[in-house]
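> I need the structure of the sequence given here:
(6 chains)
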There are 6 protein chains.
Amino acid sequence: MEKDRYERGRSLLMDINANNAEKLVESLKDVAPDMHRYVFEFAYGDIYSRPGLDVKTRELATVAALTAMGHLPQLKSHIDAALNTGWTKEEIVEVIMQMAVYAGFPAALNALSAADEVFKRRQ
Amino acid sequence: MEKDRYERGRSLLMDINANNAEKLVESLKDVAPDMHRYVFEFAYGDIYSRPGLDVKTRELATVAALTAMGHLPQLKSHIDAALNTGWTKEEIVEVIMQMAVYAGFPAALNALSAADEVFKRRQ
Amino acid sequence: MEKDRYERGRSLLMDINANNAEKLVESLKDVAPDMHRYVFEFAYGDIYSRPGLDVKTRELATVAALTAMGHLPQLKSHIDAALNTGWTKEEIVEVIMQMAVYAGFPAALNALSAADEVFKRRQ
Amino acid sequence: MEKDRYERGRSLLMDINANNAEKLVESLKDVAPDMHRYVFEFAYGDIYSRPGLDVKTRELATVAALTAMGHLPQLKSHIDAALNTGWTKEEIVEVIMQMAVYAGFPAALNALSAADEVFKRRQ
Amino acid sequence: MEKDRYERGRSLLMDINANNAEKLVESLKDVAPDMHRYVFEFAYGDIYSRPGLDVKTRELATVAALTAMGHLPQLKSHIDAALNTGWTKEEIVEVIMQMAVYAGFPAALNALSAADEVFKRRQ
Amino acid sequence: MEKDRYERGRSLLMDINANNAEKLVESLKDVAPDMHRYVFEFAYGDIYSRPGLDVKTRELATVAALTAMGHLPQLKSHIDAALNTGWTKEEIVEVIMQMAVYAGFPAALNALSAADEVFKRRQ
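Model (predicted):
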């Protein structure tokens, strides 16, 4: 059953953000080899797999929150996931700009730089 | 033209969150009577009125960000707006629970208490 | 097996903080009845149950972090847990005072008020 | 010499914010009777006593920072100190409104409520 | 009239921080070409142009807040603006050091590194 | 007597983190030559020297708080200090992983990268 959560989460994350899933496992393998398991099991196997909200909507909410909190490495990863689940660049930019209202202009401007970088890498 | 931004913003906010718009004006009238103008003009007249993303989606992004930042009075107001623009209670709860992944359990639990309060008030 | 994580976490939390475990379940039952499950399963069944660090040390680390982040309701609960796992009032106060260095005096002073309240309730 | 820092800080704080100095000592006397000493010695005896910037300017900087960080109890105390050192209500309101740009509207609106409360108490 | 806000803001920003105004427009031109407009119109055309507080004082408040929030790229830009509006290096360093009291030593030390970099670039 | 605080703090910091003490003084010498004095006197001479909690325990609390707050340069320095005062790599990793519960996964993942870097440098 643990296996189920791990596989369900891993499979969902591979669907929406395969590159970043692999980078996550790789980056943690020396320092905390168990840690990726909680990302797969809890974040994706438990939370993102809940039926009450679709994954596409969840990704936009995550972009908003990571912009507000200033977590830029994770924001870049979730901008990828937002694009992969069907949001357009324009929609992602709109959500980030909107965060100027709630978290201030510096948070929004830093996140727009991160988005610019992701968009250019994917071209 | 300033008039336009003010009216466009005020009208949009009255549509989605009339009670809280009035409370905002009232709460600021002694201390900073100009401040509500920027909420109407910039937040709603400029940003929420932009065509690239619908207001319903914007409200969910705001619920996510306010949960992550711990701004509970404003979160309650935007839970009202999220319900008013068509999200269900279940969907709002899902977004808040999801924030446990990004901002930690305390932020999510405090926001769930705020949601509980709003849901019970509206019954 | 999910059962195992839930029971392991619930049992651990009941050992160190029974009152607050019950309050948590109660406070979530209307708004998000699944949420307490993740606290039991992930926070306590997965993380606090890991063998690499004892629960007493984990509680002091949590007091430090919640002081720095300003999450006062959860801080009060973990001050209870820190006392229940063997820390003295003096040691808890020392850790909170130390946070003035890292998070500033307001964060430390707010946390000392929370500690004062918990200590007086328990007398 | 320690005595000097304590007395210099205490005397400065009594000059600009006597009520709040007494409340601070009182609120800490049971839980952390040494803590007020660091506020007197380090915050006021060391930092606010440095010659490179006058105390009036320091108080406005503190109002800005506490607004941005959302530390409302301490903000109220420093709004008192800002008034006591010669800032007008209008100037204090301007600095708080300006924080909407850097920390978002919720932070600024919460701080305006705090200012409203202080201004009404002092009337 | 919108034109007025844009021009008033742009002109004020060019006066106090011309280099950074140009960098801002440039950095946003691909990802969010409308965004610099809100910085000019709202931040500078509305807020910094308000008569109740002079621009020099506003810049010091901004340095304090950005130090406390840890927004280092924007802090560097506003250290430039603070110098351009008449503050000395010593006064800016004093305000940043003071933030150790409210936001902790790490925030103040990171901001001092940013200031060191700006001061050396301008020599 | 001031001399005592400075020497007591400097000596304690040299014992637990000599490299970083020297780097701190060096990094501040141009921009704010007085600032290291407050780190030695207040942070180490006053707080870390208090008898109510041993320095080893204090260092773990600091690792927890800096992870939660996202202050990565200071976190690296205190991971060094935690290792120097007797914590194992495994224990430090456990505390950082635990912060996923309180501050979210991004904060914990960023801190694990910082720990990985420190561990590899020390090999």
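
> any idea of the pLDDT on A:Met1?
What the model reports as pLDDT for A:Met1 is 51.

> who touches the residue nearest the centre of chain A in this structure?
Centroid-nearest residue in chain A: A:His78, 2.6 Å away (criterion: CA atoms, centre = their mean). By CB atoms under 8 Å, 6 or more residues apart in numbering or on different chains, the contact set of A:His78 is A:17, A:59, A:62-63, A:66. Placement of C-beta: from N, CA and C, glycine included.

> cool, and A:Glu91?
A:60, B:52-53, B:57.

> where does chain A dip in pLDDT?
Scanning chain A for pLDDT under 70 picks out the ranges A:1-2.

> sorry, back to before: now the residue nearest to the centre of chain A: closest residue in space, sequence neighbours ignored.
Closest residue in space to A:His78, ignoring its immediate chain neighbours: A:Thr62 at 4.7 Å, by CB to CB, 6 or more residues apart in numbering or on different chains.

> can I assume that neighbour is in contact with B:Gln98?
Yes - counting by CB atoms under 8 Å, A:Thr62 touches B:Gln98, with 7.3 Å between them.

> which neighbours do those two share?
With CB under 8 Å, 6+ apart as the test, A:Thr62 and B:Gln98 both reach B:Ala64.

> the two - which one has more neighbours?
A count of neighbours by other CB atoms under 10 Å in any protein chain shown puts A:Thr62 above the other of A:Thr62 and B:Gln98, at 29 against 23.

> now the phi/psi pair for the more buried one, please.
phi -70, psi -40 (degrees, to the nearest 10).

> please name the residues that touch it.
Going by CB under 8 Å, 6+ apart, A:Thr62 touches A:78, A:81-82, B:64, B:98, B:102.

> between helix C:2-28 and the strand or helix carrying A:Arg5, find me the angle.
According to DSSP states H and E, A:Arg5 maps onto helix A:2-28. Relative orientation of helix A:2-28 and helix C:2-28, computed by axes from the mean of the first three to the mean of the last three CA atoms, to 10 degrees: 90 degrees.

> buried ones in helix A:2-28?
Neighbour counts over helix A:2-28 (16 or more other CB atoms under 10 Å in any protein chain shown) mark A:5-6, A:8-10, A:12-13, A:16-17, A:20-21, A:24-25, A:27-28 as buried.

> and chain A, split by domain according to the record?
Segmentation of chain A into domains, based on automatic domain parsing, reads A:1-52, A:54-123.

> the first one close to chain B?
Yes - part of domain A:1-52 sits close enough to chain B to count as contact by CB under 8 Å from any CB of the partner chain, namely A:42-43, A:47-48, A:50, A:52.

> give me the buried entries from those.
If you count burial by 16+ other CB under 10 Å, the buried members of the residues of domain A:1-52 next to chain B come out as A:42-43, A:47-48.

> number of nearby residues for A:Asp54?
Neighbours of A:Asp54 using other CB under 10 Å come to 13.

> contacts only, for it.
Applying CB under 8 Å, 6+ apart to A:Asp54 gives no contacts.

> again, but for A:Arg122
Taking CB under 8 Å, 6+ apart as the test, what A:Arg122 contacts is A:80, A:83.

> how close does it sit to A:Ile79?
Distance, A:Arg122 to A:Ile79, by CB to CB, to the nearest Å: 9 Å.

> now A:Ala100
In terms of CB to CB, A:Ala100 sits 17 Å off from A:Ile79.

> ok, now A:Asn19?
12 Å.

> again, but for A:Glu90
Distance from A:Glu90 to A:Ile79, by CB to CB: 13 Å.
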